[in-house]
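Chemist: What follows is a predicted structure for the sequence shown.
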Amino acid sequence: MSVRIVRLGSARSSNEGLRIGTVRRPPRGVPKSEFAAQNWYDVWFPNLSPSPEAVKLAHHAKTAADWRAFFNKYRIEMATPENQHAIALLAALSHQTDFSVGCYCEDEKHCHRSVLRSLLARQGARIAG
């Protein structure tokens, strides 16, 4: 049992389980009925996505300092009690079932899912690959 950190829209891995989209907006131009079939996500959970302000920082990031500012903003957002509860819940679930969380970004190094990975690990999540 574990959680995988994935790029939404990518082919699913075996034993990936339920795919959770931690994104601000659904995929554009895709009917809701096709989200799962097209490997976007099974359940949308925007609570763990970056705020519009944080996303703006990421879209304008060009330097390492810009990316640090984005990641720091996202970490602050995830430090709220409700987000800490959500992260703790996902970490606990990773010991009981397989599932995945993800975002659309191509490069995890420049994506909130890299921070989400570390926050889940800090909460004791079992993280696959």
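Modeler: Yep, that arrived. Numbers count the residues shown, from 1 in each chain.

Chemist: ranges for the helices of this protein?
Modeler: Ranges of helices in the chain, per DSSP state H, are 52-60, 64-78, 81-93, 112-122.

Chemist: Let me know which of those helices is the nearest to Arg4.
Modeler: Arg4 lies closest, by C-beta to C-beta, to one member of the helices of the chain: helix 112-122, at 9.9 Å. C-beta: built from backbone N, CA, C; applies to glycine.

Chemist: The closest one: how far from the chain's middle?
Modeler: Distance, stretch centre to chain centre, for helix 112-122: 8 Å (C-alpha atoms, centre = their mean, to the nearest Å).

Chemist: same question, stretch 87-106
Modeler: Centroid separation between stretch 87-106 and its chain, computed with C-alpha atoms, centre = their mean, is 8 Å.

Chemist: same question, stretch 45-63
Modeler: Distance of stretch 45-63 from its chain centroid, counting by C-alpha atoms, centre = their mean, is 12 Å.

Chemist: first to last residue in that stretch, what's the distance?
Modeler: Start-to-end span of stretch 45-63 (C-alpha to C-alpha, to the nearest Å) is 29 Å.

Chemist: quick one: buried residues of that stretch?
Modeler: Leu48, Ser49, Pro50, Ala54, Val55, Leu57, Ala58, Ala61 (16 or more other C-beta atoms under 10 Å).

Chemist: Please convert those residues to TSV, extending it with pLDDT and distance to Arg24.
Modeler: TSV is the format used below for the buried residues of stretch 45-63 (pLDDT from 0 to 100; distance: C-beta to C-beta, whole Å):
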residue	pLDDT	distance to Arg24
Leu48	97	10
Ser49	97	4
Pro50	97	7
Ala54	97	9
Val55	95	6
Leu57	96	13
Ala58	95	11
Ala61	96	16
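
Chemist: Could you let me know which of those residues ends up closest to Tyr104?
Modeler: Closest approach to Tyr104 among the buried residues of stretch 45-63 (C-beta to C-beta): Ser49, at 10.3 Å.

Chemist: quick one, phi/psi of the closest one?
Modeler: Main-chain dihedrals, Ser49, degrees, to the nearest 10: phi -90, psi 160.

Chemist: That's all I had, so thanks and see you.
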